[in-house]
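Student: Take this sequence and fold it.
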Amino acid sequence: MARGLGTELELIHLFVHLVNTGGFSQVAKELGIPIATVSRKLTKLEGILDTQLIMRSTRKLRLTEEGSELFGRYQDAVAHFDSCCDTRIEKPEGTLRIAAPVSIISMIFMEVINDFSKKYPGIQLHITQNNSTIDLIDEGVDVAIVGGAQPDSSWVSKSLGVLHYGLFASPGYLGAAGDLSHPDQLNQHALIKVWPLFNWSMKHTSGESFYYEGPAKLTLGDLYGAIKATVDDGGILYGPELFARPQLATGQLVKVLPQWHGEQRRISLLYHQRSQQPLKVKLFIDFMCEYASGLLDD
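Tutor: So this is what the prediction gives:
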């Protein structure tokens, strides 16, 4: 098939934008063309190159090996071309869709969310809080706040810092139930488990390790409720110290077995592409990273 260089470059330009935006409707809106035109031009590019670039389904896109190679080869060139051609001054506006686990926004990030909203009044924040794994592309998420392992390696991950886990209880509970000298006594106590760490890993300063996977008196998906139950003499909680810091400062909670340290769970931002990010996404990422640097350990 005879190739026209201008036509092929135009199609590659569309293909890179399609991958960056994550969907046919999104790229059609970004480039101001009908969805049918996007589909037709992608098919034309695949015909010219004689290879499938994207595996299509009703709700998501997946790059083939050839598509991934093509995208990697041209994404920087397309970004540079767009920056040279675009004379518009982008404004911080529009809806920013954020996904996060239950509790993390309200308990440690609400202040930064409010500050961001005040600084950029033209950006509307739509926050979905869910402990279950969701398809970020299907849900139209711009930025996700996640803990632990990255659920989708195709997304870019930027660390905000680390949460340190430990054991906590109220003075009233310990006064009634008695102190512990070793975590193997946990099964003699009322325990409070909270998502996502239902099994507890601990390590003593001497190097001794302990793992608890037994029953709990109370199991929750909400850290706010778990801390409230612990303050109300409900039992011993295994949770992130940062979330319990206000209650530790007031004496409502105390550390249990402080020589035993729990897991370290990394908190990260996930976003879809490195280049050609909307301004609202860039601003939020930078704002969150600056705030987290004074809150979380590296």
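Student: need the helices for the stretch 51-200 of the chain, in chain order.
Tutor: 65-85, 104, 110-119, 171-177 (DSSP state H, counting those that start in this stretch).
Student: Could you tell me what pLDDT the model assigned to the nearest residue to G148 once chain neighbours are set aside?
Tutor: Excluding the flanking residues, the one nearest G148 by Cβ to Cβ, 6 or more residues apart in numbering is R265, at 5.7 Å. In short, each C-beta sits where N, CA and C put it, glycine included. In this model, R265 is scored at 92, pLDDT.
Student: ok, back up a step: distance to M288 for the helices of the stretch 51-200 of the chain - can I get that in CSV?
Tutor: Putting the helices of the stretch 51-200 of the chain into CSV (distance: least, Cβ to Cβ, whole Å) gives the following:
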stretch, distance to M288
helix 65-85, 23
helix 104, 12
helix 110-119, 6
helix 171-177, 35
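Student: Let me know which of those helices is tucked in deepest.
Tutor: For these, the stretch with the most neighbours on average is helix 104, a mean of 20; neighbours defined as mean count of other Cβ atoms under 10 Å.
Student: What mean pLDDT does that helix get?
Tutor: The pLDDT scores in helix 104 average 89.
Student: Stretch 78-85 too?
Tutor: Averaging the model's pLDDT scores along stretch 78-85 yields 77.
Student: Can you list the buried residues in stretch 126-139?
Tutor: Within stretch 126-139, the residues that qualify as buried by neighbour count (16 or more other Cβ atoms under 10 Å) are 136-137.
Student: Also stretch 31-39?
Tutor: Neighbour-count burial for stretch 31-39 flags V38 (criterion: 16+ other Cβ under 10 Å).
Student: May I ask you to name the longest strand in this structure?
Tutor: The residue-count maximum for a strand in the chain (DSSP state E) belongs to strand 156-169.
Student: Look at G147 and report its pLDDT.
Tutor: At G147, the model reports a pLDDT of 86.
Student: when you give positions from now on, start the count at 25
Tutor: Noted, 25 is the first residue going forward, which turns the last one into G171.
Student: Kindly provide the distance from it to V180.
Tutor: 17 Å (Cβ to Cβ, to the nearest Å).
Student: between those two, which one's more packed in?
Tutor: G171 (19 against 15; other Cβ atoms under 10 Å).
Student: how close does that one sit to R289?
Tutor: Using Cβ to Cβ, one obtains 5 Å as the distance from G171 to R289.
Student: burial count for R269?
Tutor: Neighbourhood size, R269 [other Cβ under 10 Å]: 12.
Student: what helix or strand is it on?
Tutor: Secondary-structure assignment from DSSP states H and E places R269 in helix 265-274.
Student: Buried ones in the following helix or strand past that helix, by neighbour count?
Tutor: Downstream of helix 265-274, the first helix or strand assigned by DSSP H and E is strand 278-280. Along strand 278-280, the positions that meet the burial threshold by neighbour count (16+ other Cβ under 10 Å) are 278, 280.
Student: try stretch 45-56
Tutor: Within stretch 45-56, the residues that qualify as buried are 45-48, 50-52, counting by 16+ other Cβ under 10 Å.
Student: Is E32 in contact with L69, as I believe?
Tutor: Yes - the pair E32 / L69 is scored as a contact, 7.3 Å apart, by Cβ atoms under 8 Å.
Student: The stretch 175-322 of the chain: strands as residue ranges?
Tutor: For the stretch 175-322 of the chain, applying DSSP state E, counting those that start in this stretch gives strands covering 180-193, 215-218, 224-228, 233-236, 242-244, 260-264, 278-280, 284-285, 288-295.
Student: Return the most buried member of those.
Tutor: For those, ranked by mean neighbour count under the definition mean count of other Cβ under 10 Å, the leader is strand 260-264 at a mean of 26.
Student: Surely L293 touches K306?
Tutor: No - contact criterion Cβ under 8 Å: L293 and K306 do not qualify, at 11.6 Å.
Student: Below-threshold pLDDT in the stretch 25-174 of the chain: ranges please.
Tutor: 25-30, 81-84, 110-114, 173-174 (pLDDT under 70).
Student: Tell me where it has strands.
Tutor: Counting by DSSP E, counting those that start in this stretch, the stretch 25-174 of the chain has strands at residues 78-80, 85-87, 118-124, 147-153, 167-171.
Student: ok, the second one: who's next to it in the sheet?
Tutor: Using DSSP bridges, strand 85-87 pairs in its sheet with strand 78-80 (antiparallel).
Student: again, but for the fourth one
Tutor: Its sheet considered, strand 147-153 pairs with strand 118-124 (parallel) by DSSP bridges.
Student: Over to the last one?
Tutor: According to DSSP bridges, the neighbouring strands of strand 167-171, each with its direction, are strand 118-124 (parallel), strand 288-295 (antiparallel).
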